[in-house]
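In: Need a 3D model of the following:
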Amino acid sequence: MSQPRLTVLAGPTAVGKGTVSTYIRDNYPEVWLSVSATTRPPRPGEVDGVHYFFLSSEEFDRLVDEGQLLEWAVVHGRNRYGTLRRTVQAAMDEGRRVLLEIDLQGARQVKESMPDATFVFLAPPSWEEMVRRLVGRGTETPDEQQQRLETAKLELAAEPEFNHTVVNDTVEHAADELVSLMGLLPLQR
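Out: Numbering: from 1, shown residues only. Next comes the predicted model:
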């Protein structure tokens, strides 16, 4: 049986999904990382099609209505983010190993339409370490941190929904284990 070419990485807030994905992008060029679409405006230095596909609300609505998004969500009550089905399918048609780094809600949506994908839950080494990482980022207020930690408790309970769990004890180890699960390296245990 051939290895699935689509891998979905999800996990709780502050677990390091983005950091692990960036490490994979920088060290495993054979892995194709999906670029999300968003309705938010570009930040300084962001390039359309590289960092995000920047869409108008009307264009995003059209994509939703036509079923052209594998998954999508409203983030922070304002902007919408989603994964374009056509870009993922094009990469898979080229024989590429595709990695989607998305939230739990998005992973559940992808599972509905692509149940044969490999679903990987990125877990913290401990609750205390996850709290330390969230607080250490310094990007949220104490109230926002508390809200994210409450959400994280619910997100951690979703681990059994996934095919595999990778513990993010170090970025390099977690990335190597994820790439192994994608069939690109011998599985490290």
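
In: In this protein, which residue is most central in space?
Out: Centroid-nearest residue in the chain: Glu101, 1.5 Å away (criterion: CA atoms, centre = their mean).

In: how far away is that one from Gly183?
Out: 18 Å (CB to CB, to the nearest Å). (Each C-beta comes from the backbone N, C-alpha and C, glycine too.)

In: Helices of the chain, residue ranges please.
Out: 17-27, 57-65, 85-93, 104-113, 127-137, 142-156, 171-181 (DSSP state H).

In: Relative to Gly49, which of these is closest?
Out: Judged by CB to CB, the one of the helices of the chain that comes nearest to Gly49 is helix 85-93, at 9.4 Å.

In: Report the residue spans of the protein with pLDDT below the cut-off.
Out: For the chain, applying pLDDT under 70 flags the ranges 1-4, 76, 186-189.

In: Kindly recompute the last result at 50.
Out: Applying pLDDT under 50 to the chain picks out residues 1, 189.

In: still on that earlier bit, let me have the helices of the chain in JSON lines, extended by distance to Val8 and mean neighbour count.
Out: Below are the helices of the chain laid out as JSON lines (distance: least, CB to CB, whole Å; neighbours: other CB atoms under 10 Å):
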{"stretch": "helix 17-27", "distance to Val8": "11", "mean neighbour count": "17"}
{"stretch": "helix 57-65", "distance to Val8": "19", "mean neighbour count": "13"}
{"stretch": "helix 85-93", "distance to Val8": "10", "mean neighbour count": "16"}
{"stretch": "helix 104-113", "distance to Val8": "5", "mean neighbour count": "18"}
{"stretch": "helix 127-137", "distance to Val8": "20", "mean neighbour count": "14"}
{"stretch": "helix 142-156", "distance to Val8": "14", "mean neighbour count": "14"}
{"stretch": "helix 171-181", "distance to Val8": "11", "mean neighbour count": "20"}
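
In: Quick one: those as CSV, columns for distance to Phe119 too.
Out: Shown next, in CSV, are the helices of the chain (distance: least, CB to CB, whole Å):
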stretch, distance to Phe119
helix 17-27, 13
helix 57-65, 23
helix 85-93, 15
helix 104-113, 6
helix 127-137, 20
helix 142-156, 14
helix 171-181, 10
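
In: and of those helices, who's closest to His51?
Out: Taking CB to CB, helix 17-27 is the member of the helices of the chain nearest to His51, at 11.8 Å.

In: Many thanks, we can stop here.
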